[in-house]
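Enquirer: Any chance you could fold what I've pasted below:
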Amino acid sequence: MLRDVKTTVTDGGLGVGTVKGEGVHVKIGASPVASTSPILITGSMSDKKIKELLGVSPLADAVMDSVENGSSKIYCLPVQASIAGSLGTLTKEGAGTGNATVSGTPNNAYDIVVAVTGAGGFNQATLQYSIDGGNAFSSELTLPLSGALVIPDTGVTITFQESSQTPADSFKVGDLYKVKSTAPQLSNQDVLDALAKLRNAIFPFEFVHIVGETSRPLWLAVSTEVTAFFEKYKKPLFVVMEAKGKQANETLNDFYNRLAAERRGIDHTDVQIVASWSRYRKMDGRVVEVNNAGIVCGLYAKALVQQSIGETKSFSIPEAKISALLPEGIEDYIGALDDEKYLTFRQYEGLNGYYVTNARMMAPDGSDYRYAENVRVKNKIIRETRKEALKQLQSMVDMEDVQGSLEAIAKFIEIPLDEMVRAKEISSARIEVPEDQDILVTETLQVVIRFVPVGYVREIAIDLGMENPFRMG
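Expert: Numbering: from 1, shown residues only. Here you go, the predicted structure:
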């Protein structure tokens, strides 16, 4: 064999980590788009691109909220909803003698306003329309000869009728036609079927956001499914869901009492329910009422796994985005809802913007995992130690030094814990191997992991007083 210079390439010296899916989440929501596989949305996409991929839909709306608040990667499962959107009653204001009817199946929640800007009849009067209650209007257009105004991408058509006696007086400047719609909704089975598709997903993700209002029956079903994901499919994850907003016939006290009753028995560390709503200026300029879950998901993408998304110095939602918390007067109930383990938003006197009160989880009383930052750390430890433990299956054990052999294996499982300590994700950690394990019979290595989390300042108490420098000492 001839001798020569031999070069071996050693890789990994830069310490570039593998993709772990931290901050990456899956959204399940209503959309007219049909897809057999998840649709990837990135943080660099515009609102137009997101709507192109997901349709003008509740799913697209929630994605936009997350993207502009920090998400860089979202896997979306569009679901054609079992419960169709519905139209309310069309109302008219103004002196015009014409009229209108509304038809169609809305693909989202809209607050439609059509304003007459130029008087006349068909092919003469001019109009502008808004889908967000009049905050933003379309460019001016002429009322078609057919009388049918198709509002693009909404699934809604408003058909105008001229006055038979005086067509020219049918529509006058200042006339307003208004109608509201509800968004299509997923049934509980729609959600569970979509979750089932994630059981064998090969892409990394940390949590799931179920888009749209939900209630107690689904919370219970999802709690069971989350447990199965961990125990059966070895996928630790948490789920973010949205509570139903205040109903038209409810007082604020009724609203609170309903939520307090619904969460009874929902005891799961990996289930989070957002009960905060706001008037929010979206990525595409619309001003609409939203559940703040989409914002929350974006904040998780920006936060470190051990970082509270309620950290005031890091996670403020500006007043240019949120103009008010809803329903009006909810500030008096935020503390009570926080006590009931719902995630809420709040303001602080002296600070601009809006903040997460606490990243509450629906954890049992006395649980160590009351907040999302604790759950995220727990789930990361589970994921990373399992990866190392898998590499040690079928390892040989020296029966002349059983304890030493087992502890040597456990050292490999301890590697990700040491990395998390160095990254300040946890304060410290230790791994123990109980003695006298009959490995010949059980063929099972038992290890105990204990870790000390980082601490959090959730309240500050200041003692203020005067002192006389001449009386010091």
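Enquirer: going forward, measure contacts and count neighbours with C-alpha atoms only.
Expert: OK.
Enquirer: What are the buried residues along the longest helix anywhere in the chain?
Expert: As assigned by DSSP state H, the longest helix anywhere in the chain is helix 372-390. By neighbour count on 16 or more other Cα atoms under 10 Å, the buried set for helix 372-390 is 372-381, 383-385, 388.
Enquirer: same question, stretch 152-167
Expert: 154, 156-163, 167.
Enquirer: Buried residues in stretch 27-45, which are they?
Expert: 27-32, 38-39, 41, 43.
Enquirer: first to last residue in it, what's the distance?
Expert: 16 Å (Cα to Cα, to the nearest Å).
Enquirer: same check, this time on stretch 424-441
Expert: Span of stretch 424-441 from end to end, Cα to Cα: 40 Å.
Enquirer: what's the residue nearest to residue 281 when sequence neighbours are not counted in contact with, if anything?
Expert: Counting by Cα to Cα, 6 or more residues apart in numbering, residue 287 is the residue found nearest to residue 281 once chain neighbours are left out, at 4.3 Å. Residues in contact with residue 287 (Cα atoms under 8 Å, 6 or more residues apart in numbering) are 132, 135-136, 279-281.
Enquirer: Now residue 381: closest residue in space, sequence neighbours ignored.
Expert: Going by Cα to Cα, 6+ apart, residue 381 has residue 417 as its nearest residue, at 7.1 Å.
Enquirer: what's residue 105 in contact with, if anything?
Expert: 84-87, 155-156.
Enquirer: The same query, at a cut-off of 10 Å, please.
Expert: 84-87, 154-157, 181-184 (Cα atoms under 10 Å, 6 or more residues apart in numbering).
Enquirer: for those, which one is nearest residue 222?
Expert: The closest of the contacts of residue 105 to residue 222 turns out to be residue 184 (Cα to Cα; 20.2 Å).
Enquirer: In the buried residues of stretch 152-167, find the pair that's most separated.
Expert: 154 and 167 (28.7 Å).
Enquirer: on that earlier part again, can you say which of the contacts of residue 287 are buried?
Expert: 132, 279-281.
Enquirer: Among the residues you listed, name the ones in helices.
Expert: Going by DSSP H, the helices hold none of the buried ones among the contacts of residue 287.
Enquirer: could you dump these to JSON lines with pLDDT?
Expert: Shown next, in JSON lines, are the buried ones among the contacts of residue 287 (pLDDT from 0 to 100):
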{"residue": "132", "pLDDT": "92"}
{"residue": "279", "pLDDT": "97"}
{"residue": "280", "pLDDT": "97"}
{"residue": "281", "pLDDT": "96"}
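Enquirer: Mind putting these into a markdown table with distance to residue 408?
Expert: Formatted as a markdown table, the buried ones among the contacts of residue 287 follow (distance: Cα to Cα, whole Å):
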| residue | distance to residue 408 |
| --- | --- |
| 132 | 63 |
| 279 | 57 |
| 280 | 55 |
| 281 | 56 |
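Enquirer: From what I see, residue 277 and residue 329 are in contact.
Expert: No - counting by Cα atoms under 10 Å, residue 329 is not a contact partner of residue 277; they are 11.8 Å apart.
Enquirer: which of these two has more neighbours?
Expert: Per other Cα atoms under 10 Å, whichever of residue 277 and residue 329 has more neighbours is residue 277, with 25 against 11.
Enquirer: For stretch 143-161, output the C-alpha coordinates as CSV.
Expert: What follows is stretch 143-161, C-alpha atoms only, in CSV (Å, rounded to 0.1, in the frame of the first residue of the first chain):
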residue,chain,number,x,y,z
LEU,A,143,-73.2,49.9,-8.3
PRO,A,144,-73.4,47.2,-11.0
LEU,A,145,-76.4,47.1,-13.4
SER,A,146,-77.4,43.8,-11.9
GLY,A,147,-77.5,45.3,-8.5
ALA,A,148,-75.3,42.5,-7.1
LEU,A,149,-72.2,43.6,-5.1
VAL,A,150,-69.9,40.6,-4.6
ILE,A,151,-67.6,41.4,-1.8
PRO,A,152,-64.3,39.7,-2.8
ASP,A,153,-62.9,36.7,-0.9
THR,A,154,-65.7,36.8,1.7
GLY,A,155,-68.4,34.5,0.2
VAL,A,156,-70.9,37.3,0.7
THR,A,157,-73.0,39.1,-1.9
ILE,A,158,-75.3,42.1,-1.2
THR,A,159,-78.0,42.5,-3.9
PHE,A,160,-79.6,46.0,-4.1
GLN,A,161,-83.1,46.7,-5.4
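Enquirer: The chain should start at 44 in everything you say after this.
Expert: Okay, using 44 as the starting number, the last item reads as stretch 186-204.
Enquirer: Report the distance from that stretch to the chain centre.
Expert: Put simply, stretch 186-204 sits 34 Å off its chain's centre (Cα atoms, centre = their mean, to the nearest Å).
Enquirer: likewise stretch 452-462?
Expert: Centre to centre, stretch against its chain (Cα atoms, centre = their mean), the figure for stretch 452-462 is 32 Å.
Enquirer: CA-only coordinates of that stretch in CSV, if you can.
Expert: What follows is stretch 452-462 as a C-alpha-only set of coordinates in CSV (Å, rounded to 0.1, in the frame of the first residue of the first chain):
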residue,chain,number,x,y,z
ILE,A,452,-25.2,4.8,30.7
ALA,A,453,-27.0,7.4,32.8
LYS,A,454,-24.2,9.8,32.2
PHE,A,455,-25.1,9.9,28.5
ILE,A,456,-28.7,10.7,29.4
GLU,A,457,-27.4,13.6,31.6
ILE,A,458,-25.7,15.4,28.7
PRO,A,459,-28.8,17.5,27.6
LEU,A,460,-29.4,18.4,31.2
ASP,A,461,-25.8,19.8,31.4
GLU,A,462,-26.4,21.7,28.2
